[in-house]
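Chemist: Generate a structure from the sequence data that follows.
(2 chains)
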Amino acid sequence: TQLLEQSPQFLSIQEGENLTVYCNSSSVFSSLQWYRQEPGEGPVLLVTVVTGGEVKKLKRLTFQFGDARKDSSLHITAAQPGDTGLYLCAGDRPISGNTPLVFGKGTRLSVIA
Amino acid sequence: NAGVTQTPKFQVLKTGQSMTLQCAQDMNHNSMYWYRQDPGMGLRLIYYSASEGTTDKGEVPNGYNVSRLNKREFSLRLESAAPSQTSVYFCASKWGARDYGYTFGSGTRLTVV
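Modeler: Numbers count the residues shown, from 1 in each chain, chains lettered A, B, ... in the order given. Take a look at the predicted model:
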């Protein structure tokens, strides 16, 4: 059973459109992180959200952490071809000790010019 | 540039051969991780080291061994490679604090024939 479910799995849109990617779980996380991965490279951290209901903005990207800290969303406004990539969410479980992050399987975004 | 360095970037092995994937970080991070990434499977944790001198199994440890040589270096060894180990391998590191993101290397693409 996947602890973090991402949807959609694939998304292909035209330049200028808006989109939302979801990351859902039945478990509570102390924080959720979003990463972006380009072909041939490792994932790169975009943002960490730690407070239930928190909203963070990074230029055209808006990240939200659910009130119950079980889900998160990533909204991209006016998508550009440079936004193309694999978007991964990862959760930090509220367990004592330095336990590894749990990763979703990712959403592969393609923005067509 | 500071970060996580993985070597080699590409490798082809014959079934039964052994090899060691090297990983080094220069950020003075405490924790280090080895993941494999396969299409449709997302990032799966192989082994991790929460601190120098400790290692723990992740989700898919079978067929692998690790060594935390010092605080900087964390190597992954395949003793007898199998075609099922064909994958892209990523090393990551993290500072000890919770809610702190991972820094990933650029990956090793391994093919076992």
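
Chemist: Skip the chain neighbours and tell me the closest residue to the residue of chain A found nearest chain B.
Modeler: As assessed by C-beta to the nearest C-beta, chain B sits closest to A:Gly42 within chain A, at 3.1 Å. Yep, even glycine has a C-beta here, placed from its N, CA and C like the rest. Spatial nearest neighbour of A:Gly42, excluding adjacent residues (C-beta to C-beta, 6 or more residues apart in numbering or on different chains): B:Phe104 at 3.1 Å.

Chemist: Just the pLDDT for A:Gly104.
Modeler: Looking at A:Gly104, its pLDDT reads 94.

Chemist: residues in contact with it?
Modeler: Each residue near A:Gly104 by C-beta atoms under 8 Å, 6 or more residues apart in numbering or on different chains is listed here: A:2, A:4-6, A:23, A:88-90, B:42.

Chemist: go on, B:Val12?
Modeler: Listed by C-beta under 8 Å, 6+ apart, the contact partners of B:Val12 are B:110-113.

Chemist: which one among the residues you listed gets closest to B:Ile46?
Modeler: B:Ile46 lies nearest to B:Leu110 out of the contacts of B:Val12, by C-beta to C-beta, at 12.2 Å.

Chemist: what's the helix or strand for the residue of chain A closest to chain B?
Modeler: Per DSSP states H and E, A:Gly42 falls between elements, in no helix or strand.

Chemist: what about it, how many residues close to it?
Modeler: 23 (other C-beta atoms under 10 Å in any protein chain shown).

Chemist: Does it touch B:Gly105 like I think?
Modeler: Yes - the criterion here is C-beta atoms under 8 Å, and A:Gly42 meets it with B:Gly105 at 5.4 Å.
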